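1. structure of the sequence below:
(one chain, ligands or ions: 3)
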Amino acid sequence: MSLPAKTRLLDTINTPADLKSRSREDLKQLADELRAEVIDAVSGTGGHLGAGLGVVELTLAIHAIFDTPSDKLIFDVGHQCYPHKILTGRKDRIRTLRQGGGLSGFTKRDESEYDPFGAAHASTSISAGLGFAKSRDLQERDNKVVCVIGDGAMSAGMAYEAMNNAGSDLSDMLVILNDNDMSIAPPVGAMSHYLSKLVSSRSYRGLRKFAKSIAKPIGLESQARKAEEYLRGFAMGGTMFEELGFYYVGPIDGHDLDVLLPVLENCKAMETGPVLLHVVTQKGKGYEPAENSADKYHGVAKFNVVTGEQQKSAGGPPAYTKVFAKALIEEARRDAKIVGITAAMPGGTGMDLFEQEFPERMFDVGIAEQHAVTFAAGLAADGMKPFAAIYSTFLQRGYDQVVHDVAIQRLPVRFAIDRAGLVGADGPTHAGSFDIGFLGALPGMVCMAAADEAELVNMVRTAVEIDDRPSAFRYPRGNGVGIELPAQPTALEIGKGRIVREGSTIALLSFGARLQECRKAAEMLAAQGLSCTVADARFAKPLDEELVNRLARDHEVLLTVEEGSRGGFGAFVLHHLAETNAFDNGLKVRTLHLPDIFQDQDKPEIMYAQAGLDAQSIATRAIDALGRGDMREIERFASA
Ligand SMILES: Cc1ncc(C[n+]2csc(CCOP(=O)(O)OP(=O)(O)O)c2C)c(N)n1
Ligand SMILES: CC(=O)[C@@H](O)[C@H](O)COP(=O)(O)O
Ligand SMILES: [Mg+2]
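-> Ligands and ions are numbered 1, 2, ... in the order given. Next up, the predicted model:
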């Protein structure tokens with residue numbers, strides 16, 4: 001006789017309302033099941049694991065106590081929201097996380113009413129939460145607002161700007177500081193030290209005992225005053241948060257539901273303005289391989305649940321990031337003025353390698369891109385040669401600093417822009433789409449894009465030499481093309497591109513790593529009897545005007561190709577052509593760029609094909625522009 005299959009409690013939870021009637025013991029069982037479900041799902045999809053595992057109990061407790069979606073729950077970054085997605089009606093789709101057509105890896109308004117505010121960039125939650133609180137008050141509603149922000153995210157200016165505002169505005173809201181003493185890498189800075197001191201204090205140890213001694217939740221029926229009395233036991237007093245106008249509660253153990261549930265109940269009842277609940281958690285909690293790994297499995301590939309072993313990448317050419325880091329290390333060995341900066345992404349940008357060799361010359365400033373840029377400007381103003389290695393998408397946050405502190409003062413800060421172009425699974429929030437346009441718009445800026453890893457090495461060299469103005473070079477996520485690296489890097493001539501294939505009828509002018517697709521497109525066109533020139537612009541600014549003139553003069557069709565949005569390289573070429581009356585001679589120009597939409601996540605090659613930036617699409621656009629064949633011929637070619 002077979003035993004009845006053990007049903008999971010989790011299978012009975014379709015919305016957070018289903019948690020309300022559950023006993024504390026049930027919730028504890030649910031926490032175990034939820035954790036197992038997250039591990040199993042991410043083992044098949046890859047994604048952000050450690051952060052979600054650390055907030056399993058916290059997420060359950062929030063949903064059990066608060067009334068989402070009318071109460072607003074706002075996760076900072078959103079990379080820890082997989083347990084939340086499972087509890088809020090997305091359980092059936094959790095194995096589509098980060099896949100094409102699947103669930104986003106972050107919170108997203110379009111996806112669910114339980115995601116009142118989308119995120120993926122850090123440190124926005126308190127500002128957004130205050131907006132929700134203010135709007136609620138103006139509309140005379142009484143819903144609660146809860147923000148969950150990590151200790152790493154507390155290093156950014158935005159978090160302080162928001163606390164400064166919230167602490168004097170005094171709207172009711174709850175900020176939960178999820179302190180796991182980790183960012184992606186170990187957290188940095190004075191705030192991080194301060195939080196560690198709070199957690200390791202005698203009072204915290206005392207509070208754990210105190211919390212354990214509470215037999216039943218106080219406050220279900222309590223008024224705000226009673227809640228405050230209760231919480232006073234958890235408030236240490238004299239914290240920086242209190243000076244800023246928050247009622248500080250904590251630190252408490254974020255994995256202990258016997259503590260979390262009554263504390264949250266009482267926080268919910270409070271009407272004293274903003275409350276900050278300091279919760280201590282462990283990143284990767286409950287999954288040994290994550291707990292024991294240096295990065296707590298922040299972001300993982302698909303993995304074996306039993307061993308924790310992650311799927312190895314296919315191998316092949318070195319990653320652009322590594323090529324950059326090694327090239328910079330070589331340069332720094334020759335030049336003591338070279339220093340490196342990262343904003344909380346030492347591993348992602350390769351600056352961890354630089355730090356191993358030059359610990360005194362690498363600065364991890366935390367999640368603080370605005371500060372990183374102006375800090376670099378200060379270094380440059382005093383004669384150093386700073387390389388600020390920042391993902392394209394995160395540099396967006398420091399744009400005014402790039403304009404005001406760097407470009408206007410013509411300071412030679414070097415921007416190493418990683419993750420340029422589409423990045424795949426992280427989706428639209430992380431796509432490096434805009435830097436060509438926003439940097440190329442700045443007078444005096446030098447903007448380069450590497451077509452391959454050998455070019456990248458030479459661009460690092462070039463940037464070292466550009467010491468009278470700011471410069472930037474961009475390169476994509478992932479592996480290079482497998483080209484041999486130069487034994488000795490060579491500085492490029494500023495504002496000069498190169499021809500990589502000579503032809504006559506069609507000119508493909510590439511800026512960046514689409515060059516390989518342009519080469520393939522040229523082969524396809526040649527097979528159709530169409531002669532094609534392929535050029536690598538190398539610089540969007542200063543533009544190689546001579547090269548553009550030549551391509552315009554000697555070809556019927558000119559296509560620009562880039563891994564960036566409208567208003568980028570193609571637009572700069574168009575400006576030049578218009579200013580030189582090149583169109584008057586009947587030149588046919590097409591600019592191929594990312595589409596004017598925020599593309600959802602998928603494999604990068606699929607996204608580029610959707611964007612019309614793969615070889616087939618490039619060749620098809622060229623034939624179309626030529627206007628010789630009829631449409632049926634073009635369609636036949638496109639589907640070949
Ligand atoms: C503006 C910005 N810079 C950098 C990142 C990359 N990033 C994503 S999560 C993360 C660490 C966040 O640490 P914390 O807030 O403590 O969350 P935890 O992962 O520890 O839960 C970083 C640096 C980002 N998302 N946004
Ligand atoms: C959540 C976040 O912003 C990062 O963890 C990001 O997902 C890293 O992406 P890479 O894998 O490209 O470094
Ligand atoms: Mg953290």
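2. which residues sit in contact with Lys108?
-> Lys108 is in contact with 78, 115, 118, counting by Cβ atoms under 8 Å, 6 or more residues apart in numbering. Every C-beta, even on glycine, is put in place using the N, C-alpha and C of the backbone.
3. repeat for Arg566
-> So Arg566 contacts 437, 591, 593-594, 596 (Cβ under 8 Å, 6+ apart).
4. one more pass at 7 Å, please.
-> 593, 596 (Cβ atoms under 7 Å, 6 or more residues apart in numbering).
5. same check, this time on the one 10 residues further on
-> Applying Cβ under 7 Å, 6+ apart, we find His576 in contact with 543, 545, 548.
6. return the member of the residues you listed nearest to ligand 3.
-> Leu543 (43.2 Å; Cβ to the ion).
7. tell me how far that closest one lies from Ser510.
-> Noted for Leu543: a distance of 14 Å to Ser510, by Cβ to Cβ, to the nearest Å.
8. same question for Val305.
-> 43 Å.
9. ok, Asn479 next?
-> 18 Å.
10. more crowded one of those two?
-> Applying other Cβ atoms under 10 Å to Asn479 and Ser510 shows that Ser510 carries more neighbours, namely 29 against 18.
11. for the residue in the stretch 301-450 of the chain that ligand 2 sits nearest to, what are its contacts?
-> Here the residue of the stretch 301-450 of the chain nearest ligand 2 is Gly348; by Cβ to the nearest ligand atom that distance is 3.8 Å. Contact analysis of Gly348 by Cβ under 7 Å, 6+ apart lists Tyr391.
12. in what helix or strand does it lie?
-> Following DSSP states H and E, one finds Gly348 within helix 346-349.
13. what of Ala522?
-> helix 515-527.
14. of the contacts of His576, closest to Asp614?
-> Set against Asp614, the nearest of those by Cβ to Cβ is Val548 (23.9 Å).
15. list phi and psi for the residue of the stretch 1-150 of the chain found nearest ligand 1.
-> Nearest residue of the stretch 1-150 of the chain to ligand 1: Gly150, at 2.2 Å (Cβ to the nearest ligand atom). Main-chain torsions, Gly150, degrees, to the nearest 10: phi -80, psi 160.
16. re earlier: contacting ligand 2 as well, which ones from the contacts of His576?
-> Filtering those for proximity to ligand 2 by Cβ under 6 Å from any ligand atom leaves nothing.
17. now render these as TSV, adding neighbour count.
-> Formatted as TSV, these follow (neighbours: other Cβ atoms under 10 Å):
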residue	neighbour count
Leu543	20
Glu545	14
Val548	23
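18. what's the domain layout of the chain?
-> 47-292, 320-474, 498-638 (automatic domain parsing).
19. hey, which of these is tucked in deepest?
-> domain 320-474 (a mean of 22; mean count of other Cβ atoms under 10 Å).
20. and ligand 3, is that domain touching that?
-> No - contact between domain 320-474 and ligand 3 is absent, the nearest approach being 10.1 Å (criterion: Cβ under 5 Å from the ion).
21. follow-up on the earlier one: would you turn the domains of the chain into CSV with mean pLDDT?
-> Below are those laid out as CSV (pLDDT from 0 to 100):
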stretch, mean pLDDT
domain 47-292, 91
domain 320-474, 98
domain 498-638, 93
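22. mind checking which of those domains is nearest Glu309?
-> domain 47-292 (8.0 Å).
23. that closest one close to ligand 3?
-> Yes - using Cβ under 5 Å from the ion, domain 47-292 reaches ligand 3 at 150-152, 180, 182.
24. tell me the one of these nearest Asp405?
-> Nearest to Asp405 out of the residues of domain 47-292 next to ligand 3 is Gly152 (Cβ to Cβ; 24.2 Å).
25. alpha carbons only: can I get the helix or strand hosting Phe375 in CSV?
-> If you go by DSSP H and E, Phe375 is part of helix 369-381. Extracted C-alpha coordinates of helix 369-381, given in CSV (Å, rounded to 0.1, in the frame of the first residue of the first chain):
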residue,chain,number,x,y,z
GLU,A,369,28.2,55.8,-8.4
GLN,A,370,27.6,59.5,-8.1
HIS,A,371,30.4,59.7,-5.5
ALA,A,372,32.6,57.4,-7.5
VAL,A,373,32.5,59.8,-10.5
THR,A,374,33.3,62.9,-8.5
PHE,A,375,35.8,61.1,-6.4
ALA,A,376,37.5,60.2,-9.6
ALA,A,377,37.3,63.8,-10.7
GLY,A,378,39.1,64.9,-7.6
LEU,A,379,41.8,62.3,-8.1
ALA,A,380,42.3,63.5,-11.7
ALA,A,381,42.3,67.1,-10.8
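26. my read: Asp295 touches Ile184, true?
-> Yes - Asp295 lies in contact with Ile184 (Cβ atoms under 7 Å); the separation is 6.4 Å.
27. tell me which helix or strand Asn164 sits in.
-> Asn164 belongs to helix 157-169 when assigned by DSSP H and E.
28. can you list the helices and strands that that helix packs against?
-> With contacts defined as 3 or more Cβ pairs under 7 Å, 6 or more residues apart in numbering; DSSP states H and E, helix 157-169 has these neighbours: helix 125-138.
29. give me the residues contacting the helix it packs on.
-> Here helix 125-138 has contacts from 72, 74-76, 116-117, 119, 143, 145, 147-149, 158-159, 161-163, 165-166, 169, 171-173, 175, using Cβ under 7 Å, 6+ apart.
30. redo that, cut-off 6 Å
-> Defining contact as Cβ atoms under 6 Å, 6 or more residues apart in numbering, one finds that helix 125-138 is touched by 72, 74, 76, 117, 143, 145, 147, 149, 159, 162, 166, 171, 173, 175.
31. does the second one sit in a helix, a strand or a coil?
-> Judged by DSSP: H, G, I helix; E, B strand; the rest coil, the three-state class of Ile74 is strand.
32. that one and Leu195, how far apart?
-> According to Cβ to Cβ, Ile74 and Leu195 sit 20 Å apart.
33. quick check: bridge partners of the closest residue to ligand 3 within the chain?
-> Proximity to ligand 3, evaluated over the chain using Cβ to the ion, is greatest for Gly150 at 3.8 Å. For Gly150, the beta-bridge partners are Asn178 (DSSP bridges).
34. please verify my assumption that it contacts Leu177.
-> No - with contact defined as Cβ atoms under 6 Å, Gly150 does not reach Leu177; the gap is 7.9 Å.
35. list the contacts of the residue nearest in space to the middle of the chain.
-> In the chain, the C-alpha nearest the mean C-alpha coordinate belongs to His430, at 4.5 Å (Cα atoms, centre = their mean). Neighbour list for His430: 393, 423 [criterion: Cβ under 6 Å, 6+ apart].
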